[in-house]
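S.K.: predicted coordinates and the sequence they were generated for:
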Amino acid sequence: MPVQHKYKPHYLVLAIAIAVGCAEFSLAQQLEPQVEADAKPAKTRKKNAKKPVAPTGIVFEDIEPIGPLEFTARPSAPPSEVQTTLPTATKPVSAAIEFDDAFYEALVFPESSATEQAVVAAQENPFDDVQNAQHTILSKPLENIDGVSLQLDEADDLLAINNGTRWDGRIDGGAGKNALLLNATEGGEIGETSNFEDVRVARGVWTLSHDFNGTAEVKAGAALLNNGSIKGDAYVDQSATYGGKGDVANLFVGGRLLVRKASAPIIRGNLELSEDAAIDYIVSATEGASALSVEGTAILSNAGLNVIGLPGNYAQSTVHTVLNAGMIEGEFGQVTSSLAFMTPKVSYSDTQVVLTYTRNDVPLETVATSASGQALARSVDTPKTVIANAAIGALLASNKANASVAIEQLAASSNANLAKATLSSVSPVNASMLSAMRQLDNGTGTVSDKAPRLAAGNENSSRVWLQALGNGGKAESDFHGTLKHSTQGLVLGADWRLDEQWHVGVMGGKSQTKLDARQFDGDLDSWHLGAYAVRQDGPLALRLGATYANHEGSSKRRVAFNGFSDRLKGSYDANTQQAFAEAGFNLGRNNVTIEPFASLGYQRYQRDSHTEKGGDAALKVYGQTQDNFSTTFGLRAAKLNTLDNGMRLTPRLSAGWKHTYGELDSETRQQLVKGGKRFDIAGAALDRDSLALDAGLDLGLSANHTLGVSVTGEIGSDSRNHGVMGQWQMAF
């Protein structure tokens with residue numbers, strides 16, 4: 001007896017809708033026209049075929065199962081000497097209820113225990129158009145009692161497997177016509193079954209490791225991996241997948257047929273592919289998939305053959321057997337390869353299909369996305385390099401999706417951005433020295449006609465100053481990615497008066513810079529030395545300065561693609577020199593400074609050659625030298641305010657336009673340590689024009705001590721830099 005369930009009130013609405021639909025459906029069946037005597041007969045099947053054409057009560061033929069699982073007409077089996085002709089059933093005129101995706105998603109089935117299942121009579125269930133059948137819906141694991149997980153009765157049954165169902169015993173359909181519907185999106189393992197005539201894989205990926213005595217269907221979006229045995233035929237809809245090393249009587253494929261090493265389907269009868277079908281044939285660098293085995297006839301019907309290459313170092317040419325059959329009819333249509341630099345060619349005989357996989361003549365540089373990648377590709381695109389270097393061998397075995405990524409990783413474009421990042425890291429040191437110079441004043445003129453240069457300090461004194469720096473930014477471009485850098489450091493300086501007009505000073509500092517890009521990390525330890533001089537003649541100021549910095553750099557880089565992986569380390573020495581001359585004229589009066597200024601600057605970067613340590617992707621990076629001149633024009637303003645407690649507060653603001661002359665591009669010459677030729681890579685170019693901003697606040701605590709803080713920024717077309725600087729100075 002079926003197990004009765006008490007439904008909650010909201011199920012009543014659904015039951016009423018279903019009842020109305022069933023009533024209209026029954027009325028439509030009563031209006032169904034009779035089949036005329038001269039109706040066209042259906043296609044014939046072999047006598048032993050498991051799937052007759054649309055009899056009234058055949059399992060799954062007229063069922064609308066759980067989910068959007070429309071039945072796809074199956075191809076007829078090859079005719080035999082004994083034939084049976086069946087009339088074609090006429091479809092009902094109308095249906096009152098649309099059982100679409102939204103309808104099924106709204107359904108909520110009653111919970112059932114592992115031993116007590118929900119059995120619903122046909123007239124109460126909207127999923128069953130087969131007379132005298134009942135639905136059993138499972139949604140929880142089944143218990144194994146003496147090797148049996150579920151025993152159905154003698155009625156016709158449709159057993160639906162939803163998410164959460166597992167069984168390790170046998171499911172017995174009992175007498176009658178029984179079918180198994182696999183409706184769980186999570187997929188799973190098809191356990192042992194008996195007395196089922198048909199299995200339909202409606203959703204999910206399912207694996208069969210036992211014998212199934214009926215026929216099988218795989219609906220669109222689902223997959224069946226048959227590692228057991230299907231005694232009947234199997235039908236694979238368009239957009240569905242069939243694979244596994246098991247056997248099947250006859251196989252009809254409208255979707256995809258998966259063939260792997262040691263996992264190729266065995267067809268005891270015939271294989272028929274539709275024109276929209278495709279075989280996914282998976283090869284590796286050393287061997288191909290196992291050959292499809294068809295004891296009968298293989299009908300190819302211009303179906304596709306997709307050759308999918310696994311990671312590895314492929315030889316220049318390999319040969320694989322795709323299909324062995326008793327007879328082959330037709331050929332494959334489109335034959336494609338997932339590898340960018342290997343081409344598949346297919347040859348046919350009466351009983352065999354053979355694949356030859358060869359290196360094509362597509363240049364490596366055609367898949368590169370940058371000038372640096374193209375340069376690397378040209379430097380290694382020779383047969384000798386392919387043999388000598390595993391990284392290039394893996395590149396040749398890359399598919400079309402990741403070949404360009406592999407080339408860019410091997411090119412290491414971040415090395416070409418080191419010059420720009422290093423110059424950006426030393427700019428705050430020069431800015432700190434210039435900031436200290438601008439605060440000097442020789443006291444010429446009266447108090448009433450001069451503008452503030454110090455928030456506090458003795459006009460006749462010398463002084464020491466200390467600044468803490470924090471700076472960050474990035475160099476970016478469309479083709480070379482983004483290299484981020486961040487710098488922290490300390491700068492200590494001292495200056496003294498020579499005469500009425502001149503001050504001279506020295507400074508030293510230490511900074512550390514972190515470099516970060518995609519699959520690249522670097523460190524830069526720097527020491528700085530500098531000297532400066534200031535001449536103040538009334539409102540006219542002349543400022544001169546020069547710095548030298550020594551850099552010890554290290555880098556870590558990872559190259560990983562298509563099964564190849566390498567971790568690379570490099571260390572190098574570099575140095576930078578900068579010099580500048582600035583003139584400013586103070587237009588301010590009393591406690592206000594308004595100073596237009598102009599400056600000329602020079603910067604130079606030099607890096608020694610070094611060789612990375614690692615595997616086949618290691619590079620020798622040759623030395624690099626780059627220098628440029630620049631000019632800056634701007635305006636500076638400040639205002640001295642005396643507080644009630646005697647302290648003096650000076651807010652200040654500066655803006656300038658910087659123009660760089662000469663060659664802006666940064667190029668680095670490199671070469672793979674193992675094979676290949678030298679090639680040049682280009683980094684992000686220096687900015688031709690940029691805007692420099694500086695906003696600060698100085699607080700004179702006493703006549704001898706001053707604290708200050710400022711925020712700086714430099715904005716260019718290809719870079720952004722920003723920083724914070726804190727300062728303490730003491731006059732004596």
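M.R.: Ah, there it is. Numbers count the residues shown, from 1 in each chain.
S.K.: ok, residue 709 - how many residues close by?
M.R.: Burial of residue 709 is recorded as 14 neighbouring residues (other Cβ atoms under 10 Å). Heads up, the C-betas are built off the backbone N, CA and C, glycines and all.
S.K.: ditto for residue 374
M.R.: 19.
S.K.: just the helices in the stretch 151-300 of the chain please.
M.R.: Listed in chain order, the stretch 151-300 of the chain contains no helices at all (DSSP state H, counting those that start in this stretch).
S.K.: kindly apply the preceding question to the chain instead.
M.R.: 9-30, 101-106, 371-380, 383-388, 390-396, 403-411, 418-438 (DSSP state H).
S.K.: ok, residue 231 touching residue 216?
M.R.: No: between residue 231 and residue 216 no contact is recorded; they are 9.8 Å apart, counting by Cβ atoms under 8 Å.
S.K.: looking at those two, which is more packed in?
M.R.: Using other Cβ under 10 Å, the more surrounded residue of residue 231 and residue 216 is residue 216, with 28 against 15.
S.K.: and residue 272, how far from residue 297?
M.R.: 8 Å (Cβ to Cβ, to the nearest Å).
S.K.: which one of those two has more residues nearby?
M.R.: More neighbours surround residue 272 than the other of residue 272 and residue 297, with 26 against 17 (other Cβ under 10 Å).
S.K.: which strand residues bridge the more buried one?
M.R.: Residue 272 has the following beta-bridge partners by DSSP bridges: residue 252, residue 299.
S.K.: residue contacts, it?
M.R.: For residue 272, the contacting residues are 75, 250-253, 299, 301, by Cβ atoms under 8 Å, 6 or more residues apart in numbering.
S.K.: cool, residue 492 as well?
M.R.: Contact analysis of residue 492 by Cβ under 8 Å, 6+ apart lists 464-466, 507-509.
S.K.: pLDDT score for residue 467?
M.R.: The confidence metric pLDDT takes the value 91 at residue 467.
S.K.: hang on, the earlier thing: which of the contacts of residue 272 scores worst on pLDDT?
M.R.: Lowest pLDDT of the contacts of residue 272: residue 75, 53.
S.K.: can you find the helix or strand of the chain with the lowest average pLDDT?
M.R.: Across the helices and strands of the chain, the lowest-confidence element by mean pLDDT, DSSP states H and E is strand 118-120, at a mean of 39.
S.K.: quick check: phi and psi at residue 302.
M.R.: Listed backbone geometry of residue 302 is phi 60, psi 30, with angles given as degrees, to the nearest 10.
S.K.: separation between residue 206 and residue 417?
M.R.: Taking Cβ to Cβ as the measure, residue 206 and residue 417 are separated by 51 Å.
S.K.: those two: which has the busier surroundings?
M.R.: residue 417 (29 against 23).
S.K.: quick one: the more buried one and residue 475 touch, right?
M.R.: Yes: the pair residue 417 and residue 475 passes the contact test of Cβ under 8 Å, sitting 5.1 Å apart.
S.K.: what residues do the two have in common as contacts?
M.R.: Residues touching both residue 417 and residue 475 comprise 483, 683-684, with contact defined as Cβ under 8 Å, 6+ apart.
S.K.: ok, residue 609 touching residue 622?
M.R.: Yes: taking contacts as Cβ under 8 Å, residue 609 lies within contact range of residue 622: 5.0 Å.
S.K.: all good on my end, thank you.
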